[in-house]
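Trainee: using only what follows, build the 3D model:
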Amino acid sequence: MSGPSLTTDDAPTEYSRRKNGFLLRTAKSVSEIQSNINNLADVLVFLEVLGYGAKTVRERGFKDMRDLARQVYEVIDYYNPRSVKGSAPLLYRLPRVSRRLLEGLALAAPFLMMLPMVFVFGVSLWMDWRLPLGPLTGLALGVLVGMLTSEGHVWMFSRLLQFYHSQSNLAETRRVIKRSYSFFALILGATVAMLFATASLTKVPIELFAIAAVATVTMSVHRFSFTVVYTLRKVSLSVLAYGAAFAALLSVYFLTPDMIPDPVTRYFASLGVAFLVLSVAAIYSTRKAYAPSTSSLNVERPNFFKPLFINKQTLHSRFDIQLWENSPYYLYGAFFIIMLFGDRILSWFYNPDHVVGGQTLPLVFNAPYHMGADIALFVVFPIGLVQYVMGGHMFEMLHNLSLESPSTDPGVLDKFVRRRYLLTLSASVIISGAMAAILVLLAPWTMGWLSTAPVSSNIMRVAALGNVFLAVFTVNSSFIILLNRPKALAAIALVGASIVGLGGGILGQLGFQDIVFAYLGSCVTAAILSSLVLKRLMRRPGSLFLARF
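Mentor: Below you'll find the predicted structure:
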């Protein structure tokens, strides 16, 4: 009895020797042009480039070019093994730990420069104790409202910009920048209008409203525009910009007393100059993202390969869909700011002194509360550095690991994510706990040296403890975002913000110093809830990452 024919269409996968040899030689030729093939269309293109025609492939036993391309695509992985050598063209180059440490310190330059500001200007991380209480209240309110206005938009905009810019999609990158600035302008306009309506209803002096409005605009515009700098990881530019802005602020304030004798006017002028210096870096980075240079093209690529960003016209994405899909990140950013700084605003309402310049105001800047709560934020500073060094390149690490590991072993990614999470969390808790202990021990000396009220020391102790739990929440947040569960994160931030708002309003009636316990409760709750969510996600983190990307 004769065996099955090897030339019929219903033959399983057995080929004649000649046909099989032709198939393998063709697959090897295609793999030499492009080391990694992602789809069948690419194989068809490269077959045409190699000069294959319909007549040739039929003579070798294939029905047509598509049949040959399909079978080449099935066997081409043999010439592209999932190993370090075979995957090298698609692997990211990860910087060394020392390099990541320097980058983390550079990205933390703004926060580091706030430390000398405390000792130069006093009161808090951004306020000058030389200012009268009225202008100080307007400026502080504008700063906090500006942070709230911009934070959610920063989270949403950075994700969209990073996604399209990483694809070198020039058309969509431009579109995202235009749409984001337009949407941000609408939100900022509505915020300023709300401030004006509130000031009119409460009969706040127009000059205080003007200070708050200008501070809101400058703070929110700066943070939003600088998103491009951080998204594109322009580390050197960030350090240079903040260094120059800090030098300009000090120079204008201390070197122009003859030109600008009024200290309030001089302080605002120095802030304005610093804002302009920072805007130069933001404009430059936005321009680079808007129109990337074609010099980055690889000249060794085949002449038939056309990078995507040369196409200046692409299909228009729907901005309403982008807003809807990224709304959880927007909400998380907004609620997180409320959770972080909501207690400060509440302390203003419960400030015993509401009379400024002979006029009663609905809320007045509470310097003792700010001094304790703001100094406690230094507990969180090293956590950002730890997270950047250990998790700043998590996507690239997992991408490389997914290429280097066999596709039949999904547990490799699971083990890596769990191990990296435990390492990051342990380091963050240890370092933040040590920082909190140092601040608590040095609280009497620090607050005495800064000439603040004794109540600030107690506020700082409680806030420092809360920031240890906040460090846990931020670590959990980064991994929840990595595993694509932003809705759960937004819900947790909403709970934390609600605890600060409702709990702080109740505790504030006992005294403004007790509002800090609401902040502590929100941090503890957020840490617990995020840990429970992450515990469930850690059952299959590798699968969640691969499903997302």
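Trainee: just the strands in this protein please.
Mentor: Ranges of strands in the chain, per DSSP state E, are 355-356, 359-360.
Trainee: direction included, what does the last one pair against?
Mentor: With DSSP bridges as the criterion, the sheet partners recorded for strand 359-360 are strand 355-356 (antiparallel).
Trainee: to residue 241, which of the strands of the chain lies closest?
Mentor: Set against residue 241 and scored by CB to CB, the strands of the chain come closest in strand 355-356, at 34.8 Å. In this view, the C-beta of every residue, glycine as well, is placed from N, C-alpha and C.
Trainee: ok, residues contacting the closest one?
Mentor: For strand 355-356, contacts defined as CB atoms under 8 Å, 6 or more residues apart in numbering pick out 132, 133, 134, 137, 361, 364.
Trainee: can I get those in a markdown table including pLDDT and neighbour count?
Mentor: Below are the contacts of strand 355-356 laid out as a markdown table (pLDDT from 0 to 100; neighbours: other CB atoms under 10 Å):
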| residue | pLDDT | neighbour count |
| --- | --- | --- |
| 132 | 80 | 11 |
| 133 | 81 | 16 |
| 134 | 83 | 20 |
| 137 | 85 | 24 |
| 361 | 83 | 22 |
| 364 | 88 | 21 |
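Trainee: now the residue most central in space within the chain: closest residue in space, sequence neighbours ignored.
Mentor: By CA atoms, centre = their mean, the chain has its centre lying nearest to residue 155, at 5.9 Å. Distance criterion CB to CB, 6 or more residues apart in numbering; nearest residue to residue 155, sequence neighbours excluded, is residue 333 at 3.8 Å.
Trainee: ok, residue 488 next?
Mentor: residue 533 (4.9 Å).
Trainee: do you know how far the one you found is from residue 490?
Mentor: Going from residue 533 to residue 490 by CB to CB, to the nearest Å gives 11 Å.
Trainee: can you check residue 171 too?
Mentor: Taking CB to CB, one finds residue 171 at 30 Å from residue 490.
Trainee: ok, the two, which is more surrounded?
Mentor: residue 490 (21 against 17; other CB atoms under 10 Å).
Trainee: mind listing what the closest residue to residue 413 other than its chain neighbours touches?
Mentor: Closest residue to residue 413 apart from its sequence neighbours, by CB to CB, 6+ apart: residue 542 at 2.8 Å. By CB under 8 Å, 6+ apart, residue 542 lies in contact with 410, 411, 412, 413, 414, 416, 417.
Trainee: buried ones among the residues you listed?
Mentor: Among these, those scoring as buried are 410, 413, 414, 416, 417 (criterion: 16 or more other CB atoms under 10 Å).
Trainee: pLDDT at the last one, what is it?
Mentor: Just to be clear, that refers to residue 417. pLDDT, residue 417: 86.
Trainee: residues touching residue 30, list them.
Mentor: Contacts of residue 30 (CB under 8 Å, 6+ apart): 37, 43, 46, 47, 50, 72, 76.
Trainee: re earlier: quick check, nearest of the buried ones among the contacts of residue 542 to residue 144?
Mentor: The closest of the buried ones among the contacts of residue 542 to residue 144 turns out to be residue 417 (CB to CB; 35.6 Å).
Trainee: that closest one against residue 541, yeah?
Mentor: Yes: between residue 417 and residue 541 there is a contact under CB atoms under 8 Å: 3.9 Å.
Trainee: can you pull the residues that touch both of those two?
Mentor: Between them, residue 417 and residue 541 share the contacting residues 479, 483, judged by CB under 8 Å, 6+ apart.
Trainee: what's the burial count for the closest residue in space to residue 66 that isn't next to it in sequence?
Mentor: Closest residue to residue 66 apart from its sequence neighbours, by CB to CB, 6+ apart: residue 44 at 7.0 Å. Around residue 44 there are 18 other residues, counting by other CB under 10 Å.
Trainee: farthest pair in the contacts of strand 355-356?
Mentor: 132 and 361 (12.4 Å).
Trainee: for residue 317, see how far away the nearest residue to residue 411 once chain neighbours are set aside is.
Mentor: By the measure of CB to CB, 6+ apart, the closest residue to residue 411 outside its immediate chain neighbours is residue 542, 7.1 Å from it. Separation of residue 542 from residue 317 (CB to CB): 29 Å.
Trainee: what does residue 222 give?
Mentor: On the measure of CB to CB, residue 222 and residue 317 end up 27 Å apart.
Trainee: and what of residue 337?
Mentor: For residue 337, the distance to residue 317 - CB to CB - is 28 Å.
Trainee: have a look at those two and say which one is more surrounded.
Mentor: Between residue 337 and residue 317, residue 337 has the larger neighbour count (other CB under 10 Å), namely 20 against 16.
Trainee: what residues are up against that one?
Mentor: Applying CB under 8 Å, 6+ apart, the residues near residue 337 are 147, 148, 151.
Trainee: which of those residues fall within helices?
Mentor: Using DSSP state H, 147, 148, 151 are the members of the contacts of residue 337 that sit in helices.
Trainee: which of those residues are buried?
Mentor: Neighbour-count burial (16+ other CB under 10 Å) is assigned, among those, to 147, 148, 151.
Trainee: check contacts around the second one.
Mentor: Each residue near residue 148 by CB under 8 Å, 6+ apart is listed here: 334, 337, 338, 341.
Trainee: just give me the closest of those residues to residue 240.
Mentor: When the contacts of residue 148 are compared against residue 240 (criterion: CB to CB), the nearest one is residue 337, at 27.1 Å.
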